[in-house]
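>>> Take a look and give me a structure for this.
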Amino acid sequence: MTERSADSAVLRVFASAAHAGHAPPVIVARGIEQPALERPARAEALDAALRAAGHMLSEPLDYGLDPIRAVHRGPYLDFLRTVHDRWQARRAAGWKASETVQAQGFSLRHLHPVPGELQAQVGHYLGGGWAPVDAGTWTAAVSAAHCALAAADTVIAGADVAYALCRPPGHHAYADLAGGFCYLNNAAIAAERLAGHFGRVAILDIDVHHGNGTQGIFYNRGDVDFVSVHVDPTVCYPFYCGYGDERGSGAGFSHTLNLALPRGTRDDRFLDAIAEGLAAIGRGDPGVLVLSLGLDAHEADPTGEFAVTTQGYRRAGALIAGLNRPTVLVQEGGYGVPVLGEALLAFIDGFLTRRPSHLGMVRRENALAF
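From the prediction side, this is the model:
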């Protein structure tokens, strides 16, 4: 472990070894099987970098399912919990199917209720070939949600910032739909918990892909502001969400802001969009910020959508810290394993350096008020 000076800022981090049980070997993209980008090595690289830098890692408490049910619908949770065992039982009875649960037929949700047939349920709850389920998916997803809850509770208790090393990620998961490697929406689960203590919550999503699930969960809510900086959805997943005219509905109208950028976006334009999003968030005067921290905008990420440098992530950390709100950092995407650690540490360094008097476990007198 790297030695740190007595006055170095130490970030409180929550991570779970259960993530490693979720390891589908392939996804189905553009009609063909491909090696899964979202694999255990991602979290292992982030974990190793954080430990080497001297940050404080802990396993989260077991929060059970109640705070997850506050965001996700019961039948969907029952499906995720049982589908792998049901799938394997059918295979054992002679059913020809892949070992990993994969969707093939898909539901037009506005036309029909959820059918009882297993294949139909898979097509209803798993959005596309990028949401396979294997034996460890449910446990890993629940543990990732618990990491987000532990980080939220750390901030509720008075810390200025805490980080949830969530794997699998969550921002593509709707209340009852998985997609894009995401099963439970960790950022939304954290935001829901924080809303009960801080009142208004802001979510800023800087993953290279639009946080469609998070937007969907809070689209009709007036107490949660959602801002996403992402690649143009006309050319990239999730395709059907993330456009500038999506501003919220009902009580949530004007509480959604999408800032879509072209492929190849570099540091300055990325940071300008983050600054625009932060300005909008600041006008709403939230009590707390949830950051969906994707590292897949990095120039070395295999998705190749943006070209943000490691220094760009350092600058992003400083910029976001300038909002001066208690902050829960929730890990989303990022698939360039060799550079994940350096990108994360650069972001954290930028964030903590901008706020040197606020350490990860410092209690503030006015933790619940602005």
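
>>> The closest residue to I156 other than its chain neighbours: how many residues sit nearby?
When the adjacent residues along the chain are set aside, I156 lies closest to H197, with 5.0 Å between them (Cβ to Cβ, 6 or more residues apart in numbering). For the C-beta atoms, the positions are set from N, CA and C on the backbone; glycine is no exception. For H197, the neighbour count with other Cβ atoms under 10 Å is 17.

>>> The one 4 residues further on now?
Applying the criterion other Cβ under 10 Å, we find 29 residues in the vicinity of V201.

>>> now swap in the one 3 residues further on and tell me
Per other Cβ under 10 Å, the neighbour tally for L204 reads 26.

>>> Tell me how far it lies from A93.
48 Å (Cβ to Cβ, to the nearest Å).

>>> so where do the helices sit in the stretch 251-370 of the chain?
267-284, 310-321, 337-354 (DSSP state H, counting those that start in this stretch).

>>> what's the angle from the first one to helix 310-321?
For helix 267-284 and helix 310-321, the angle between their directions (axes from the mean of the first three to the mean of the last three Cα atoms, to 10 degrees) works out to 10 degrees.

>>> Give the other helices and strands that helix 267-284 contacts.
With contacts defined as 3 or more Cβ pairs under 8 Å, 6 or more residues apart in numbering; DSSP states H and E, helix 267-284 has these neighbours: strand 201-205, strand 224-231, strand 256-261, helix 310-321.

>>> can you pull the buried residues of it?
Across helix 267-284, burial judged by 16 or more other Cβ atoms under 10 Å covers D267, F270, L271, A273, I274, G277, L278, A280, I281, G284.

>>> Please name the residues that touch the second one.
This means F270. Shown in contact with F270 (Cβ atoms under 8 Å, 6 or more residues apart in numbering): V229, L261, A297, F306, V308, G312, A316.

>>> per-residue pLDDT, it?
Turning to F270, the model gives it a pLDDT of 98.

>>> Quick check: it vs L126, distance?
From F270 across to L126, the span is 31 Å (Cβ to Cβ).

>>> Am I right that the residue nearest to I156 sits in a helix?
Yes - according to DSSP: H, G, I helix; E, B strand; the rest coil, H197 belongs to a helix.

>>> Tell me how far it lies from G350.
Going from H197 to G350 by Cβ to Cβ gives 27 Å.

>>> same question, F253
Going from F253 to G350 by Cβ to Cβ gives 34 Å.

>>> Which of these two has more residues huddled nearby?
Ranked by neighbour count (other Cβ under 10 Å), F253 and G350 place G350 first, with 20 against 12.

>>> how about that one, what does it touch?
Neighbouring residues of G350 by Cβ under 8 Å, 6+ apart: Y313, R314, R315, A316, G317, A318, L319, A321.

>>> Take these and lay them out in a markdown table including distance to A148, pLDDT and neighbour count.
Listed next are the contacts of G350 as a markdown table, based on distance: Cβ to Cβ, whole Å; pLDDT from 0 to 100; neighbours: other Cβ atoms under 10 Å:
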| residue | distance to A148 | pLDDT | neighbour count |
| --- | --- | --- | --- |
| Y313 | 21 | 98 | 29 |
| R314 | 24 | 98 | 21 |
| R315 | 25 | 98 | 20 |
| A316 | 20 | 98 | 26 |
| G317 | 19 | 98 | 25 |
| A318 | 23 | 98 | 18 |
| L319 | 23 | 98 | 18 |
| A321 | 20 | 98 | 23 |
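
>>> Would you check which pair of the residues you listed lies furthest apart?
Maximum pairwise distance in these, criterion Cβ to Cβ, is 12.6 Å, between Y313 and A321.

>>> if we can go back for a sec, pretty sure the residue nearest to I156 sits against A157.
No - the pair H197 / A157 is not scored as a contact, 9.8 Å apart, by Cβ atoms under 8 Å.

>>> my guess is P338 contacts D301, does it?
No - applying Cβ under 8 Å as the test, P338 and D301 come out as separate, 10.5 Å apart.

>>> Which of those two has more residues huddled nearby?
Applying other Cβ under 10 Å to P338 and D301 shows that D301 carries more neighbours, namely 24 against 9.

>>> What pLDDT does the model give the more buried one?
98.

>>> likewise the one 3 residues further on?
For G304, the pLDDT comes out at 97.

>>> what are the phi and psi angles of it?
The phi and psi values for G304, taken as degrees, to the nearest 10, are phi 70, psi 30.

>>> mind listing what it touches?
By Cβ under 8 Å, 6+ apart, G304 lies in contact with nothing.

>>> And L77, by the same measure?
Contact partners of L77, counting by Cβ under 8 Å, 6+ apart, are L65, I68, R69.

>>> Repeat that for E246.
Taking Cβ under 8 Å, 6+ apart as the contact definition, E246 lies against Q215, Y219, T256, N258.

>>> now those residues in CSV, with distance to V114, neighbour count and pLDDT?
CSV is the format used below for the contacts of E246 (distance: Cβ to Cβ, whole Å; neighbours: other Cβ atoms under 10 Å; pLDDT from 0 to 100):
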residue, distance to V114, neighbour count, pLDDT
Q215, 23, 26, 98
Y219, 21, 20, 98
T256, 27, 21, 98
N258, 29, 23, 98
